[in-house]
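In: what's the 3D shape of this:
(one chain, ligands or ions: 1)
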Amino acid sequence: MIALRKFLTIIFPQVCVACDREAHYFCRQCQDQIDFLYYQPRFKPLENLVDNTHVLGFFTPPLSTVIKALKYQSLHPIGSILGNLLYQHLPLPTNLDFVTAVPLHPKRFKQRGYNQAKLIAQQLANRLEKPYQPLLLRQRHTQNLASVTNDQERFQLMSNVFALNPNLQINLKRKNILLVDDVVTTGSTLAACATQLHQAGVGKISAVLVAHES
Ligand SMILES: [Zn+2]
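Out: Okay, the predicted model is just below:
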């Protein structure tokens, strides 16, 4: 069934990835079924790092289905659809300087050829009329974090997974950043990104996520 659905969406992009109805990738009926989260989830790792966090919904169908279709079926237009949903449903800060996305690991990027979070962030930036900038990079070599039991050490290693993009000549001092990702679980990835941004002296960081996977 999943194989058939995947086949149908590649051949007929006017089919909803979640229910096979005739629609542009994600039909209105399925969008209406999203369990919208109107609260700001508190992720402990983000305390003192991110000023506010907003999540569109839980990582359950149909939201999880469209995210997976974006990630694994190369259905790039879904990035725009999710960016629009974030724009329509979440209270977003207006005093922003840059929108950026959590970068993908280089190995995954090589396999997939695109960063799904960037596709979502770019559309959100368009709607907000703010510049999208790839402010962060994910470094190639990462130690296996599972072997590290000390919280402090683990956090330090995790924050070194990311680095500021050296190709950008942008002064980030006191700039307000909107950080976008597709799925959040514990918030530790966002915290690692925020740590790097704070080292560059940014002002406020707001985080926007499509789905919360608990
Ligand atoms: Zn549908």
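In: do you know how far the most centrally placed residue in the chain is from the ion?
Out: Most central in the chain under Cα atoms, centre = their mean is Asp181, positioned 1.0 Å from the mean C-alpha point. With the distance defined as Cβ to the ion, to the nearest Å, Asp181 ends up 24 Å from the ion. All C-beta spots, glycine's among them, are computed from the backbone N, C-alpha and C.
In: so that residue sits right up against Pro103, yeah?
Out: No: counting by Cβ atoms under 8 Å, Pro103 is not a contact partner of Asp181; they are 9.7 Å apart.
In: which residues are common contacts for those two?
Out: Taking Cβ atoms under 8 Å, 6 or more residues apart in numbering as the contact rule, Asp181 and Pro103 both touch Ala117.
In: ok, back up a step: quick check, pLDDT for the residue nearest to the centre of the chain.
Out: Asp181 is assigned a predicted lDDT (pLDDT) of 98.
In: ok, it - contacts?
Out: Contact criterion Cβ under 8 Å, 6+ apart gives Ala101, Val102, Ala117, Thr189, Leu190, Ala207, Leu209, Val210 as the residues in contact with Asp181.
In: Skip the chain neighbours and tell me the closest residue to it.
Out: Closest residue to Asp181 in three dimensions, ignoring its sequence neighbours and counting by Cβ to Cβ, 6 or more residues apart in numbering: Val102, at 4.1 Å.
In: Who are the packing partners of the one helix or strand Asn84 maps to?
Out: For Asn84, the enclosing helix or strand under DSSP states H and E is helix 77-89. Using 3 or more Cβ pairs under 8 Å, 6 or more residues apart in numbering; DSSP states H and E as the contact criterion, the secondary-structure elements in contact with helix 77-89 are strand 52-58, helix 63-72, helix 116-128, strand 205-212.
In: With Cys19 as the reference, name the closest of the ones you listed.
Out: Go through those one by one with Cβ to Cβ and the one that ends up closest to Cys19 is helix 63-72, at 8.7 Å.
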